[in-house]
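Novice: I'd like to go over a predicted model; first the sequence, then the structure.
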2 protein chains.
Amino acid sequence: MGLIVQKFGGSSVRDRDHLFRVAHIIANTHNAGNTVVAVVSAQGDTTDDLLEKAAEITQNPPARELDVLLSTGEQASIALLTMALNELGCDAVSLTGWQAGFCTDQAYTKARIQHLDGKRISEELAQGKVVVVAGFQGLNPQEDITTLGRGGSDTSAVAIAAALHADRCQIFTDVEGIYTADPRKVPYARKLKAVAFDEMLELASMGSQVLNNRSVELAKKYNVKLEVLSSMNPVEGTLVKEHAEPMEGTCFTGITKDTGIVMISVLQLPHTAEQTSVLEKLAQNGIHVDMLLQYENPDHSRQLHFSIAVADQSKAMLLLQKQCARFGGAVQADDTCAKVSLVGIGLQTNGSVTAKLLAALENHGIPVSMVTTSEIKISVIVPEADAELAVRVIHDALVNEKK
Amino acid sequence: MGLIVQKFGGSSVRDRDHLFRVAHIIANTHNAGNTVVAVVSAQGDTTDDLLEKAAEITQNPPARELDVLLSTGEQASIALLTMALNELGCDAVSLTGWQAGFCTDQAYTKARIQHLDGKRISEELAQGKVVVVAGFQGLNPQEDITTLGRGGSDTSAVAIAAALHADRCQIFTDVEGIYTADPRKVPYARKLKAVAFDEMLELASMGSQVLNNRSVELAKKYNVKLEVLSSMNPVEGTLVKEHAEPMEGTCFTGITKDTGIVMISVLQLPHTAEQTSVLEKLAQNGIHVDMLLQYENPDHSRQLHFSIAVADQSKAMLLLQKQCARFGGAVQADDTCAKVSLVGIGLQTNGSVTAKLLAALENHGIPVSMVTTSEIKISVIVPEADAELAVRVIHDALVNEKK
């Protein structure tokens, strides 16, 4: 028995049947003696449909009005889910983002939560009700509606769990937990019982869609015990917490691939000052440089290789071509590559892991163009066509080997 | 130049093209040097679609949650219309009911406005913006969303016009104004230049769908100058105001028919006390008795005949049968009749009008089962099958005769 925050994504509440499935999960949790706050997203494709409606009107919708429009999606969800709960005999009440006390900054369409005034939620809970809160939305100091951007509902749920000191924050998704690799692609992928916040941050930032990074950061900051589990089959999921006990026999958490990257090469950089200015220019323009490698040419000029997100490619190329024109360098982009990463505890202290990983890839004829290692991650750049094979090869060589 | 409130119904904003048509009307009004507040309803069939979604979940949705759901309709409309206005280069901002300061009572799904705090609207107007307000919705003292019920957006518009002392409140509909009769049915029906509040109240309460009665009552109370006009063809419409100048050559405002009535007959009432108790019982149960007639039988018992709304028929019959069982009376219902009414100024002071009206009906073989007259209205009960003919006959005999 305790206070539990349960978050359900858009596909979990997409129609009448799914709404009732979710309502049963909530009602069962409540009937077992727990206090429950449910956080929901907009139903199914609602957000995309609303964006399409806006696009019919204008290619440049004012961000403030886009948030007024998009926030109707979750508002409809909370009303319908609350009706379903009442239909099951479970006393419930819906709260929009502003009713629930979400105070955000000014940044429409990607607002950040500044403060959560949990008074109204607590009052309703004190009356024995299940409280159904609209995720993804808040109110800025001008009392205008804001939305939190991609994955915002996860963040809403964690913020409520933090503010109310909830015993657990359950994130219901369409997978049963966090796996050592994508279970649809890697036959021996295993579900993890627990994973540490830092490992989850690495997994999320590398394209694992299960949890949004902002929500994990917030959970880490306020030490909210997260659980990822399935709304279709609510068996025990994966816990995300401060210190995850290493899984028996292995220190690996998982393997992910990210195909949304481009490798940029700047050849013939005349001296260090230029190299710094290249990176500074990218940073000033909000372009995040991920893996980075530099080495000297025989003529003492330098080469610089790094990966950026595909979305930043054309912007970055424009900036770099302008810079290279000044010092006679050349810039190239390669978008046929992918990043494959192994995440786990103690990777660097176990020096043989990197060696084993590279040997396994070589044995299968997969060329590696770059390697970086950190405390909890080893990443390699491989051809995009080999990326899935690379995930399986690494999984077989390192994760399964330890079973 | 002045402050103008413009209200657009759901069909006027039902899709992209209609939204832009409305945006052009608003932008033109604004560009002509006026200050403009626009009030909009939910797009097209949105409200019905939302009600259907709720009906999929439960036959008895909690009224509070129904209002949370329904209010998303207007919220989407204001965002889209504001985008369209900005696209036309017209600086605009949207406000939901609660942002606009609509404070209502507790009655979910049929709330009444208690107070309108126009501060936010005024602040936005002072910045030169067009303010687009969601009609039909407000906030109760618990800070919960309420909706105003049928015709609520008209009421929202009039409330804003009253609070801001607007120079005019324009209600855009799919007709070009108020006509002497339904122009689709009566060939010589004429558009009125002006009509008095009291006449409009009679017209509205008798099934004229153009303006909601609550909005007319509110306009009368605060002396808001209303104008009814078409969003498809925005020529001069009909003014609704305190004193309408009589139209040249006639004192008649219009003719309406109401087929949604049932005539109830209670025969053999033993004495006056029972008659009072019959009417009291109906009133206690919220059943409004409209036209009423009573007369004595040869044995000094009484007969009571009156009309009620079709929607109240089964409830009324149950109550009356129970009462009649006590004193041995009999009750009958006739739902094959309709009420046709002539509205105008000075009808009672011109005694010949009632006579002419009845003569015209008799000449066309239309039987009249009941007649009532008031200062500004003459109503007759005729067979439902004859109702349309009756409207034309009365129009020809009295309204056109005066041309």
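Specialist: Okay, I see it. Numbering: from 1, shown residues only, chains lettered A, B, ... in the order given.
Novice: what's the pLDDT at the residue of the stretch 301-403 of chain A found nearest chain B?
Specialist: Closest to chain B within the stretch 301-403 of chain A is residue A:311: 24.5 Å, counting by Cβ to the nearest Cβ. No exception for glycine: its C-beta is placed from N, CA and C like everyone else's. With respect to pLDDT, residue A:311 has a value of 87.
Novice: Give the burial count for it, as a bare number.
Specialist: 11 (other Cβ atoms under 10 Å in any protein chain shown).
Novice: cool, and the one 3 residues further on?
Specialist: Summarising burial for residue A:314: neighbours were counted as other Cβ under 10 Å, giving 11.
Novice: got the contact list for the host helix or strand of it?
Specialist: The secondary structure element spanning residue A:314 is helix A:313-327 (assigned by DSSP states H and E). Residues from elsewhere that reach helix A:313-327, judged by Cβ atoms under 8 Å, 6 or more residues apart in numbering or on different chains: A:262, A:264, A:266, A:269-270, A:274, A:277-278, A:281-282, A:285, A:287, A:308, A:329-331, A:333, A:335.
Novice: Check the secondary structure at the residue of the stretch 101-250 of chain A found nearest chain B for me.
Specialist: The minimum distance from the stretch 101-250 of chain A to chain B, using Cβ to the nearest Cβ, falls at residue A:143 (6.5 Å). Under DSSP: H, G, I helix; E, B strand; the rest coil, residue A:143 falls in the coil class.
Novice: Name the nearest residue to residue A:297, ignoring sequence neighbours.
Specialist: Nearest residue to residue A:297 in three dimensions, chain neighbours excluded: residue A:303, at 6.2 Å (Cβ to Cβ, 6 or more residues apart in numbering or on different chains).
Novice: quick one, what contacts the one you found?
Specialist: Neighbouring residues of residue A:303 by Cβ under 8 Å, 6+ apart: A:265, A:266, A:267, A:268, A:269, A:294, A:295, A:296, A:297.
Novice: Quickly name whichever of those is closest to chain B.
Specialist: The nearest one, if we look at the contacts of residue A:303 relative to chain B and count by Cβ to the nearest Cβ, is residue A:266, at 41.3 Å.
Novice: The closest one contacts residue A:304, doesn't it?
Specialist: Yes. Counting by Cβ atoms under 8 Å, residue A:266 touches residue A:304, with 4.3 Å between them.
Novice: So which bits of the stretch 51-200 of chain A are right by chain B?
Specialist: Counting by Cβ under 8 Å from any Cβ of the partner chain, the stretch 51-200 of chain A comes close to chain B at A:53-54, A:56-58, A:61-62, A:64-66, A:68-69, A:71-72, A:75-76, A:78-80, A:82-84, A:86-87, A:93-94, A:96, A:99, A:120, A:143-145.
Novice: And the helices in chain A?
Specialist: With DSSP state H as the criterion, chain A has helices at A:16-31, A:46-57, A:63-87, A:97-100, A:119-126, A:152-163, A:197-205, A:213-222, A:272-284, A:313-327, A:352-363, A:387-394.
Novice: Just the buried ones from the contacts of helix A:313-327, in ChimeraX syntax?
Specialist: To isolate the buried ones among those in ChimeraX, judged by 16 or more other Cβ atoms under 10 Å in any protein chain shown, type:
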select /A:262,264,266,269,274,278,282,287,308,329,331
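Novice: Keep only those of the contacts of helix A:313-327 that are also close to chain B.
Specialist: Within those, nothing lies near chain B by Cβ under 8 Å from any Cβ.
Novice: Let's see which of the contacts of helix A:313-327 end up in strands.
Specialist: Per DSSP state E, strands hold the following members of those: A:262, A:264, A:266, A:269, A:308, A:330, A:331, A:333.
Novice: just to revisit the earlier point, neighbours around the closest residue to the residue of the stretch 301-403 of chain A closest to chain B other than its chain neighbours, how many?
Specialist: Excluding the flanking residues, the one nearest residue A:311 by Cβ to Cβ, 6+ apart is residue A:260, at 7.6 Å. Number of residues near residue A:260 (other Cβ under 10 Å) recorded here: 13.
Novice: Spell out which parts of the stretch 251-400 of chain A neighbour chain B.
Specialist: Within the stretch 251-400 of chain A, not a single residue sits near chain B (Cβ under 8 Å from any Cβ).
Novice: which ones are touching the closest residue to residue A:46 other than its chain neighbours?
Specialist: The shortest distance from residue A:46 to any non-neighbouring residue, by Cβ to Cβ, 6+ apart, is to residue A:73 (4.2 Å). Listed by Cβ under 8 Å, 6+ apart, the contact partners of residue A:73 are A:41, A:42, A:43, A:46, A:47, A:50.
Novice: gap between residue A:73 and residue A:373?
Specialist: Counting by Cβ to Cβ, to the nearest Å, the separation of residue A:73 from residue A:373 is 42 Å.
Novice: ok, now residue A:189?
Specialist: Using Cβ to Cβ, we find residue A:189 at a distance of 23 Å from residue A:373.
Novice: which of these two has more neighbours?
Specialist: Per other Cβ under 10 Å, whichever of residue A:189 and residue A:373 has more neighbours is residue A:189, with 20 against 16.
Novice: Now do the phi/psi pair for that one.
Specialist: phi -60, psi 140 (degrees, to the nearest 10).
Novice: Next, the contact list for it, please.
Specialist: Residues near residue A:189 by Cβ under 8 Å, 6+ apart: A:179, A:180, A:181, A:182, A:183, A:395.
Novice: still on that earlier bit, neighbours around the residue of the stretch 101-250 of chain A closest to chain B, how many?
Specialist: When neighbours are defined as other Cβ under 10 Å, residue A:143 has 11 of them.
Novice: do the same with residue A:8
Specialist: The local packing of residue A:8 (other Cβ under 10 Å) involves 29 other residues.
Novice: so residue A:72 makes contact with residue A:50?
Specialist: Yes. Look at residue A:72 against residue A:50 with Cβ under 8 Å: they come within range, at 7.1 Å.
Novice: what about these two, which has more around it?
Specialist: residue A:72 (27 against 20).
Novice: For the more buried one, list the residues it contacts.
Specialist: Shown in contact with residue A:72 (Cβ under 8 Å, 6+ apart): A:50, B:72, B:75, B:76, B:79.
Novice: if I look at the nearest residue to it once chain neighbours are set aside, how far off is residue B:156?
Specialist: Nearest residue to residue A:72 in three dimensions, chain neighbours excluded: residue B:72, at 3.9 Å (Cβ to Cβ, 6+ apart). Using Cβ to Cβ, residue B:72 is found at 16 Å from residue B:156.
Novice: which parts of stretch A:7-27 are buried?
Specialist: For stretch A:7-27, the neighbour count (16+ other Cβ under 10 Å) marks A:7-14, A:18-23, A:25-27 as buried.
Novice: Mind exporting the C-alpha coordinates of that stretch to CSV?
Specialist: Provided in CSV are the C-alpha atoms of stretch A:7-27 (Å, rounded to 0.1, in the frame of the first residue of the first chain):
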residue,chain,number,x,y,z
LYS,A,7,1.5,6.9,-16.6
PHE,A,8,-0.2,5.7,-19.8
GLY,A,9,0.9,6.7,-23.2
GLY,A,10,-1.3,7.6,-26.2
SER,A,11,-1.4,4.1,-27.7
SER,A,12,-2.5,2.7,-24.3
VAL,A,13,-5.7,4.8,-24.3
ARG,A,14,-6.3,4.9,-28.1
ASP,A,15,-9.9,3.7,-28.1
ARG,A,16,-12.8,2.6,-25.9
ASP,A,17,-11.3,-0.9,-25.2
HIS,A,18,-7.9,0.3,-24.4
LEU,A,19,-9.3,3.0,-22.1
PHE,A,20,-11.2,0.3,-20.2
ARG,A,21,-8.1,-1.9,-20.0
VAL,A,22,-6.2,1.1,-18.5
ALA,A,23,-9.1,1.9,-16.2
HIS,A,24,-9.0,-1.7,-14.9
ILE,A,25,-5.3,-1.5,-14.1
ILE,A,26,-5.9,1.8,-12.2
ALA,A,27,-9.0,0.5,-10.4
